[in-house]
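J.: return atomic coordinates for the entry below.
(one chain, ligands or ions: 1)
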Amino acid sequence: MKALVLYGSKYGCTRECAYLLGEQLGGADVVDICREASISLDDYDTVLIGSSVYAGRISKAVAKFCATHLNILKQKQIGLFICCAQPDKAMEQLVNGFPSELVESARAKGYFGHQLDIAKLNLLERLIVRAVGKRKDELNILHDAISSFAKSFT
Ligand SMILES: Cc1cc2nc3c(=O)[nH]c(=O)nc-3n(C[C@H](O)[C@H](O)[C@H](O)COP(=O)(O)O)c2cc1C
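T.: This next block holds a predicted model:
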């Protein structure tokens, strides 16, 4: 089995989780969907796709990639994961963000936690997080969730 981990991350939390997942899978290839213009899926039988969530939505680049490559992705073993600050809405945001065909066929769907680094945010984002009562940095990466997600593919 050869696995590819694809991710879309604005401030690095999903990237970190993608690399942790890649390690748990014994060294899967890990690729940033936003930076790689053309990603060949031919070499992989397992594709794991992750995104962070902003204003209730997954990354546009991730959503576009999934829509563009839906037919080939449907032939792969799929896993989907997200990083977001609202654990109670995590699955809802995942299900709403990814194409329903991938959600239905996914072998695993995971929530890997979140990170909030206020110094990295732009002014509008700072105002948004302050409006929802967040004034301090937060770091909560769910290592156990990443491990059990990885076990679904080994
Ligand atoms: C401006 C802003 C909006 C956000 N909106 C949501 C949201 O709608 N739902 C949610 O669960 N988390 C939301 N988050 C939390 C991020 O999804 C979380 O910080 C995530 O770990 C960021 O991952 P990244 O560093 O890979 O981009 C928001 C964070 C910011 C800064």
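J.: contacts for stretch 21-40 next, please.
T.: Outside stretch 21-40, the residues that touch it by Cβ atoms under 8 Å, 6 or more residues apart in numbering are 2-9, 15, 18-19, 44, 46, 48-50, 59, 61-62, 65, 81, 112, 146-147, 149-150, 153-154. Heads up, the C-betas are built off the backbone N, CA and C, glycines and all.
J.: swap the cut-off to 6 Å and go again
T.: 3-6, 8, 18-19, 61-62, 65, 146-147, 150 (Cβ atoms under 6 Å, 6 or more residues apart in numbering).
J.: ditto for stretch 91-108
T.: Residues from elsewhere that reach stretch 91-108 (Cβ under 6 Å, 6+ apart): 53, 58, 66, 70, 74, 77-80, 82, 84, 109, 149, 152.
J.: what's the spacing between the residue nearest the centre of the chain and Val95?
T.: The chain has Gly50 as the residue nearest its centroid, 1.8 Å off, counting by Cα atoms, centre = their mean. As judged by Cβ to Cβ, to the nearest Å, Gly50 and Val95 stand 15 Å apart.
J.: swap in Gln24?
T.: Counting by Cβ to Cβ, the gap from Gln24 to Val95 is 24 Å.
J.: equivalent analysis for Cys66, please.
T.: Cys66 sits 13 Å away from Val95, going by Cβ to Cβ.
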